[in-house]
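Novice: Need coordinates for the below:
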Amino acid sequence: MNPPPVPQPPRATPFALKIEPMPHDTGPTSVLESLLKHPGRIIHELQHERAGAVSLWLLLFGIVGMALYGVVVGTLSGGAQLWLAPVKLSLGTLCAMLICLPSLYIFSCLDGVEAPIRTIAGALFAAVCLNALLLIGFAPVGWIFSQSTDSVVLMGILHLLFWAVGVVFGLRLLRAVAGLLGTGGARHLRVWGAIFVLVCLQMTAALRPIIGTAETVLPREKKFFVAHWFDTMASEPPSGRD
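Specialist: Residues are numbered from 1 along each chain as shown. Here you go, the predicted structure:
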């Protein structure tokens, strides 16, 4: 006589998510509250008939949030950077999402995620929106430092640190979605996460200057983001590093 099958434990996810419908409408307040407190509700809505409205709010909040933080970035130099930095940050974020969305869907399929592309796109928008919300939370800190130093290098490191914290939380959310909707874990999504980070970092060089000023609004030459960083550090006068 064969022994009874042993029940399998639920798949582990980076953080606990309870999949349930949003109790209220899909307005902006409900979407933001669900994303911060009950992200499982966002995942539920992305799989049902209200996916379009939720995805649109998440995308809008993500882009606007990046623009708002861009104002803080622009306060270091002031002038035209007060509107150029927000435009470049929001545009760069949108381009990075559009560039990486096809590969995200393919990698999700390889990980066994059973979800349409609208759900995958909505999950990406949710991750970026979460990143933007965290950046807004860091905005007062960034503003204080921008009023206390003229160093482009130091402010660049600070902004990258804040952005990296948001990216970690956003990628955790994506892996949680893969763990709940997939069968093979999130091995390929880890590779995609590295690619997404590289694309975002390259956007900082493609749309430079975002921090500081230059003679032109956009660069005249192509440059890898690492080379751009080293050139910026080499060109900054010693007095800017006090």
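Novice: Next secondary structure after the helix or strand bottoming out on mean pLDDT in the chain?
Specialist: Across the helices and strands of the chain, mean confidence by mean pLDDT, DSSP states H and E is lowest for helix 39-46: a mean of 86. Counting by DSSP states H and E, the next helix or strand C-terminal to helix 39-46 is helix 51-74.
Novice: Next one: Leu198 from Val226, what distance?
Specialist: From Leu198 across to Val226, the span is 10 Å (C-beta to C-beta, to the nearest Å). For every residue, glycine as well, the C-beta is placed using N, CA and C.
Novice: go on, Ala85?
Specialist: For Ala85 relative to Val226 (C-beta to C-beta), the value is 21 Å.
Novice: Which one of those two is surrounded by more residues?
Specialist: Using other C-beta atoms under 10 Å, the more surrounded residue of Ala85 and Val226 is Ala85, with 25 against 11.
Novice: Settle this for me: the more buried one is touching Gly78, isn't it.
Specialist: No - taking contacts as C-beta atoms under 8 Å, Ala85 lies outside contact range of Gly78: 10.4 Å.
Novice: ok, Trp83 - contacts?
Specialist: Shown in contact with Trp83 (C-beta atoms under 8 Å, 6 or more residues apart in numbering): Gly74.
Novice: same check, this time on His24
Specialist: Ser30.
Novice: Please, which helix or strand holds it?
Specialist: Per DSSP H and E, there is no helix or strand for His24.
Novice: Over to Ile19?
Specialist: Here Ile19 is assigned to no helix or strand, by DSSP H and E.
Novice: so it touches Ile43, yeah?
Specialist: Yes - counting by C-beta under 8 Å, Ile19 does reach Ile43; the two are 6.0 Å apart.
Novice: what touches both of those two?
Specialist: Joint contacts of Ile19 and Ile43 (C-beta under 8 Å, 6+ apart) are Leu180.
Novice: Among the two, which residue is more densely surrounded?
Specialist: Taking other C-beta under 10 Å, Ile19 and Ile43 do not tie; Ile43 has more neighbours (25 against 14).
Novice: Please determine how far the more buried one is located from Ala51.
Specialist: Using C-beta to C-beta, we find Ile43 at a distance of 10 Å from Ala51.
Novice: shared neighbours, those two?
Specialist: Common neighbours of Ile43 and Ala51 (C-beta under 8 Å, 6+ apart) are Thr119.
Novice: separation between the residue nearest the centre of the chain and Thr75?
Specialist: Nearest to the geometric centre of the chain sits Val128, at 3.3 Å (C-alpha atoms, centre = their mean). Going from Val128 to Thr75 by C-beta to C-beta gives 23 Å.
Novice: now Val165
Specialist: As for Val165, its distance to Thr75 is 20 Å (criterion: C-beta to C-beta).
Novice: Equivalent analysis for Ser30, please.
Specialist: Distance, Ser30 to Thr75, by C-beta to C-beta: 32 Å.
Novice: ok, now Val64?
Specialist: Val64 sits at a distance of 18 Å from Thr75 (criterion: C-beta to C-beta).
Novice: isn't Met233 right next to Val153, touching?
Specialist: Yes - between Met233 and Val153 a contact is recorded at 5.3 Å, counting by C-beta under 8 Å.
Novice: Which one of those two is surrounded by more residues?
Specialist: Using other C-beta under 10 Å, the more surrounded residue of Met233 and Val153 is Val153, with 18 against 13.
Novice: just checking, that one touches Phe230?
Specialist: No - between Val153 and Phe230 there is no contact under C-beta under 8 Å: 10.5 Å.
Novice: any idea which element Val141 lies in?
Specialist: helix 117-146.
Novice: buried set for that helix?
Specialist: 119-136, 138-139, 142, 145-146 (16 or more other C-beta atoms under 10 Å).
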